[in-house]
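**Student:** build me a model from this:
(4 chains)
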Protein chains: 2
Amino acid sequence: MQQLLNHIQQYSPLTSDTQNALPDCFKKIALGKNELLLREGQICRHLYFLETGALRGFYNLDGKEITHWFGFEKDFVTSFHSFITGEPAVENIQLLEGSILWAISKETLTELLNKHHEIERLVRIAYEKYYIRLEERFVNAQFKTAKELYENLLQQTPYIIERVPLGFIASYLGISQETLSRIRSKF
Amino acid sequence: MQQLLNHIQQYSPLTSDTQNALPDCFKKIALGKNELLLREGQICRHLYFLETGALRGFYNLDGKEITHWFGFEKDFVTSFHSFITGEPAVENIQLLEGSILWAISKETLTELLNKHHEIERLVRIAYEKYYIRLEERFVNAQFKTAKELYENLLQQTPYIIERVPLGFIASYLGISQETLSRIRSKF
DNA sequence: AGGGGTTTTTGATAAATGTCAAAAACGGAG
DNA sequence: CTCCGTTTTTGACATTTATCAAAAACCCCT
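**Tutor:** As a prediction, this is how the structure comes out:
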């Protein structure tokens, strides 16, 4: 919990009053490798803070699993579209490693947002960061070759390559597993 | 200005007190076709609400212009990365049609956010919508064929096809102009 | 309506990547 | 340590899309 408090204040500081309100809002969850945190079709009613571990979001396309994001220590994860709109999720969230998470329900979060301007600000700022991240990923994905995408990954987020099976990385980059394998074999 | 007030309250309602504070914060701008609202290298210090007209964001890649987003009536536009981080923009923003915009500076917006929890909430909710939009575009771009991308565009945002030159649309979709032309010729 | 610049289309070819199938390598369980 | 299932690699080939170049169409301006 302390890690969560520390982490979020990198976005925006909180008064001790607000900080004190937080611990009761989150519920601790421990899950093992390969377990599903969310199954497609379910409504995602929680936002999760990943204290330790790793997971992925994936969906099915023509019978294939497409991994489109990963989460690691200190990431907030959820099926964003479902969490925000209340519609059923199109994706699954699966643990890649045994993990410890802190869950907050949408209702509780909404209360916090209403009660504390500070939290509202913090979330707004967090969104800005996440938006910029996604924008960068998007621009890369669209105009780089498979080789460049892999090199980028190697430079910017080497821990993904170290901790995630190749097949998941391939669809994350938007290329086939075979192509990725061939790229990698040429250093 | 009334259009702006109406529009933003689709995100979240505002008390009349907050509404009254807004008009003074925005400055009206009129620009003609092909003019630049922002040039790459400049720091983007404003957020714009596009009342009427159309524009595009584009950057240079290997000597080619890549249009990566469009703005139309009722869109908020800015060079997001630059506006948020204060770093020089990598992109240009150019008018596709004569347009009327309302500009708010980052400082003024920050004041508003600090003074009015309601505005903070509204912006947070607006970000959610913009994030979801980008996510959808991203997933599409990565896993659809050129033909599917064009069909999607035709269905979801036909006004883009009607109002924007083909070359800009091609790079927006991440395909070459020739490929797009060939796709289109087969209905 | 004519003319010049811009945008779009068409054609030929090349490059990058995907697909399918099978072999090899890896890794955990007993 | 060995075996079995999973993951990765390799090979042959097909497909999609990009690229370059030139022709055609379009559009605005006077």
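
**Student:** who's in contact with residue A:69?
**Tutor:** Residue A:69 makes contact with A:56, A:57, A:172 under the criterion C-beta atoms under 8 Å, 6 or more residues apart in numbering or on different chains. Any C-beta I mention is one placed from the backbone N, CA and C, and that applies to glycine too.

**Student:** ranges for the strands of chain A?
**Tutor:** Secondary structure of chain A by DSSP state E: the strands cover A:27-31, A:36-38, A:46-52, A:54-61, A:64-72, A:76-77, A:92-95, A:99-105.

**Student:** report all helices and strands that the second one contacts.
**Tutor:** Just to be clear, that refers to strand A:36-38. strand A:92-95 (3 or more C-beta pairs under 8 Å, 6 or more residues apart in numbering or on different chains; DSSP states H and E).

**Student:** residue A:2: which of the strands of chain A is closest?
**Tutor:** Comparison of the strands of chain A against residue A:2 by C-beta to C-beta identifies strand A:46-52 as nearest, at 9.9 Å.

**Student:** hmm, the closest one touching chain B?
**Tutor:** No: against chain B, strand A:46-52 shows no contacts by C-beta under 8 Å from any C-beta of the partner chain, the least distance being 12.0 Å.

**Student:** would you turn the contacts of residue A:69 into CSV with distance to residue A:164?
**Tutor:** Compiled in CSV, these are given as follows (distance: C-beta to C-beta, whole Å):
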residue, distance to residue A:164
A:56, 7
A:57, 12
A:172, 8
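
**Student:** please name the nearest non-neighbouring residue to residue A:184.
**Tutor:** residue A:150 (6.9 Å; C-beta to C-beta, 6 or more residues apart in numbering or on different chains).

**Student:** do residue A:117 as well
**Tutor:** The nearest residue in space to residue A:117 (C-beta to C-beta, 6+ apart) is residue B:117, at 4.2 Å.

**Student:** state the distance from that neighbour to residue B:124.
**Tutor:** 10 Å (C-beta to C-beta, to the nearest Å).

**Student:** any idea how far the residue nearest to residue A:184 is from residue B:142?
**Tutor:** For residue A:150, the distance to residue B:142 - C-beta to C-beta - is 15 Å.

**Student:** try residue A:134
**Tutor:** Applying C-beta to C-beta to residue A:134 and residue B:142 gives a distance of 12 Å.

**Student:** run a quick neighbour tally on the residue lying closest to residue A:1 once chain neighbours are set aside.
**Tutor:** Spatial nearest neighbour of residue A:1, excluding adjacent residues (C-beta to C-beta, 6+ apart): residue A:23 at 5.4 Å. When neighbours are counted by other C-beta atoms under 10 Å in any protein chain shown, residue A:23 registers 12.

**Student:** hey, which helix is longest across chain A?
**Tutor:** Scanning chain A for the longest helix, with DSSP state H as the assignment, gives helix A:117-143.

**Student:** which other helices and strands contact that one?
**Tutor:** helix A:106-115, helix A:146-156, strand B:64-72, helix B:80-85, helix B:117-143.

**Student:** what comes up buried for that helix?
**Tutor:** The neighbour-count check on helix A:117-143 (16 or more other C-beta atoms under 10 Å in any protein chain shown) flags A:117-128, A:131, A:134-135, A:137-143 as buried.

**Student:** now do it against strand B:54-61, angle only.
**Tutor:** 60 degrees (axes from the mean of the first three to the mean of the last three C-alpha atoms, to 10 degrees).

**Student:** just how off-centre is helix A:117-143 within its chain?
**Tutor:** In terms of C-alpha atoms, centre = their mean, to the nearest Å, the centre of helix A:117-143 is found 12 Å from the chain centre.

**Student:** how far off strand A:46-52 does it point, in degrees?
**Tutor:** Going by the same axes, to 10 degrees, helix A:117-143 makes 80 degrees with strand A:46-52.

**Student:** now helix A:117-143: average pLDDT?
**Tutor:** For helix A:117-143, mean pLDDT rounds to 96.

**Student:** and residue A:13, how many residues sit next to it?
**Tutor:** Other residues within reach of residue A:13, judged by other C-beta under 10 Å, total 12.
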